[in-house]
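**Q** Take a look and give me a structure for this.
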Amino acid sequence: MNDDRFLHLIEETGFDNEAVTSPEETIIGLFADFSIAFFNQGWFRFAQENDGEPEISKNWRPGRNVFDCIPEELADFYRTAYCKCLETGNPWGHEYECSSPDTLRLLHQQVYPLRQQKGLLVIHSTINTRPIEEEVDDYTLDDFINPDGFLVQCCHCRKFKKSKNGSGWIWRGDLVRSLPENISHGFCNRCRDFHYPRDRKRRQRIRPPSEWTPPE
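**A** Modelled structure (predicted):
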């Protein structure tokens, strides 16, 4: 299902084919318009282990824009970083959380620009994992529903914002395991201030190459 044009880009850029196809890391390839062009086996292994299949294989095929699956609150951050990576030709990296209901996972995303601004190779590697100690609370689901009828989840750490009987952000593995339909996204103060501060120069909007066309 991978796009052969992207496989040629990987080869021409000089990446070792065995390293790129290794199942030990989760790797995705994007053309410069951010359409999906490549998945390695590690991507599907990670999806299978985290209840992402068969939906991942069914709904996220080559040609789909990767930003269709990224919450709006995160999209501008990643779009800016990816565009700068393409524009400068320099790799870019970022640490982030991608926790399961029971395990805190800290991952690193490394993005490499490919030949002549025509694509990006995005490699996700695990830095650390540990069991999550569930916070003991007596809050009900209603305590997390805001006046608009939504539960607000942090895009980074996946905690939920308490809207009644106090304030704060609480880890609820039961809600992570089975996300309600009435869910919205934002950032808790810690993640916003540390991981996605509004005043970083790299947050300045950069447009993708306007003359980009898919490789022959």
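
**Q** Tell me where the protein is predicted with low confidence.
**A** Across the chain, the ranges flagged by pLDDT under 70 are 134-137, 166, 198-216.

**Q** For it, which segments count as helices?
**A** Counting by DSSP state H, the chain has helices at residues 4-13, 17-21, 41-49, 55-59, 72-88, 173-177, 189-195.

**Q** just how off-centre is the third one within its chain?
**A** When C-alpha coordinates are averaged (CA atoms, centre = their mean, to the nearest Å), helix 41-49 and its chain have centres 14 Å apart.

**Q** tally of neighbours for residue 4?
**A** Residues near residue 4, counting by other CB atoms under 10 Å, number 10. Yep, even glycine has a C-beta here, placed from its N, CA and C like the rest.

**Q** ugh, wrong one, I meant residue 39
**A** Neighbour tally, residue 39, other CB under 10 Å: 20.

**Q** what sits against it?
**A** Contacts for residue 39 (CB atoms under 8 Å, 6 or more residues apart in numbering) come out as 1-2, 27-29.

**Q** Longest strand in the chain, please.
**A** Looking across the chain with DSSP state E, the single longest strand is strand 119-131.

**Q** Show me what that strand is packed up against.
**A** Judged by 3 or more CB pairs under 8 Å, 6 or more residues apart in numbering; DSSP states H and E, the packing partners of strand 119-131 are helix 4-13, strand 26-31, helix 72-88, strand 103-113.

**Q** Give me the sheet partners of the second one and which way each runs.
**A** Think strand 26-31. strand 36-39 (antiparallel), strand 119-131 (antiparallel) (DSSP bridges).

**Q** Show me what the last one is in contact with.
**A** Strand 119-131 is contacted from outside by 6, 9-10, 13, 15, 20, 25-32, 37-38, 46, 82, 85-86, 95, 102-114, using CB under 8 Å, 6+ apart.

**Q** Using PyMOL, define a selection of the buried residues within those residues.
**A** Selection command for PyMOL covering only the buried members of those, criterion 16 or more other CB atoms under 10 Å:
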select buried, resi 6+9+10+20+25+26+27+28+29+30+31+32+37+38+46+82+85+86+104+105+107+109+111+112+113+114
